[in-house]
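[1] I need the structure of the sequence given here:
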Amino acid sequence: MRMGALLSEMQESEEALVASPNGRNQRETSKSSDPISMFDEIFCLTEEDRMKVCILFWVWWHERNKANAGDQMKSLDDIIASINYHVFECRNHKKQSSTQKQDSIICWSPPPSGILKINTDGAFHESSLSGGWGFTVRNDSGVLMAAGAGNLEHVSNALHTEALAMLYAISTTTQMGCNRVIFETDSVVLKQAISSEEYDLSTLGAVFQEIKFQLNVAFDDVNVSVCPRSCNVAAHSLAADGVRLGDGEYETWLGYFPEFVVNSVAGDSPSLNL
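    Model prediction:
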């Protein structure tokens with residue numbers, strides 16, 4: 001069974017959300033298959049396809065529980081986007097876990113000479129559809145130049161918060177007059193969304209297109225890269241702080257930084273001076 005076949009069936013009909021390993025829907029397979037046989041076939045799949053099927057079942061179960069509680073279910077397009085997001089995040093987490101087993105824990109590293117590095121991160125609370133954003137701006141000596149944290153209302157998922165965090169960081173660095181920058185995020189999906197047109201027609205397509213536009217017009221030299229979460233500790237801490245702010249509130253710091261911001265950055269790059 002391939003995930004592509006399952007998703008194609010999902011797009012054609014809600015009934016096809018339950019798909020068999022041979023691409024037929026539940027109604028067709030129930031005559032010749034039982035649950036045990038279905039799971040036997042799943043266990044025979046490759047590890048990659050087993051992961052995709054498990055994510056499909058989890059998202060489907062999650063949406064069914066929301067519907068049973070009286071909440072509005074996501075559209076099929078949003079369900080498919082959610083599945084793709086979790087697949088990419090699982091791949092990234094697995095790759096990072098494998099790397100960390102082989103190497104010592106990786107910390108934040110400074111950018112090349114004359115370039116600023118901006119780390120961004122988002123935090124998401126599904127129960128309230130709210131979250132937070134955070135970012136840090138550091139130079140090639142590791143000196144903290146700017147930082148920010150803010151509260152987000154009415155966000156749809158974790159990827160939404162990650163994208164808005166980058167937009168807020170772009171706005172601040174543009175006001176600072178920065179033109180040679182590296183943006184770092186720990187979201188593989190965000191990196192893919194702003195490096196291609198693949199997600200332009202998705203629910204968050206307008207946000208991704210705005211990020212691409214701003215990156216193109218605001219900087220002379222810009223690069224976006226993905227880093228392990230261990231390299232993004234300070235931005236993550238600031239995003240969590242943003243969640244605790246009042247609705248829609250935000251804070252940015254230039255030159256002078258509260259103690260908790262200094263401590264977050266010090267823990268992110270312990271060998272560097274602020």
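
[2] and the helices in this structure, which stretches?
    3-12, 26-29, 35-43, 47-68, 76-102, 158-175, 188-193, 205-218, 233-243, 259-268 (DSSP state H).

[3] can you redo those as JSON lines with distance to residue 143, mean neighbour count and mean pLDDT?
    C-beta here means a position set from N, CA and C on the backbone, and glycine is covered the same way. Listed next are the helices of the chain as JSON lines, based on distance: least, Cβ to Cβ, whole Å; neighbours: other Cβ atoms under 10 Å; pLDDT from 0 to 100:
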{"stretch": "helix 3-12", "distance to residue 143": "45", "mean neighbour count": "16", "mean pLDDT": "46"}
{"stretch": "helix 26-29", "distance to residue 143": "59", "mean neighbour count": "14", "mean pLDDT": "42"}
{"stretch": "helix 35-43", "distance to residue 143": "52", "mean neighbour count": "12", "mean pLDDT": "75"}
{"stretch": "helix 47-68", "distance to residue 143": "41", "mean neighbour count": "15", "mean pLDDT": "82"}
{"stretch": "helix 76-102", "distance to residue 143": "27", "mean neighbour count": "16", "mean pLDDT": "74"}
{"stretch": "helix 158-175", "distance to residue 143": "15", "mean neighbour count": "22", "mean pLDDT": "96"}
{"stretch": "helix 188-193", "distance to residue 143": "26", "mean neighbour count": "22", "mean pLDDT": "94"}
{"stretch": "helix 205-218", "distance to residue 143": "22", "mean neighbour count": "15", "mean pLDDT": "96"}
{"stretch": "helix 233-243", "distance to residue 143": "13", "mean neighbour count": "24", "mean pLDDT": "94"}
{"stretch": "helix 259-268", "distance to residue 143": "10", "mean neighbour count": "17", "mean pLDDT": "87"}
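
[4] residue 156 contacts residue 164, doesn't it?
    No - using Cβ atoms under 8 Å, residue 156 makes no contact with residue 164, being 10.7 Å away.

[5] dump the helices of the chain into CSV; add distance to residue 123 as well.
    Shown next, in CSV, are the helices of the chain (distance: least, Cβ to Cβ, whole Å):
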stretch, distance to residue 123
helix 3-12, 28
helix 26-29, 37
helix 35-43, 33
helix 47-68, 19
helix 76-102, 15
helix 158-175, 6
helix 188-193, 14
helix 205-218, 17
helix 233-243, 4
helix 259-268, 14
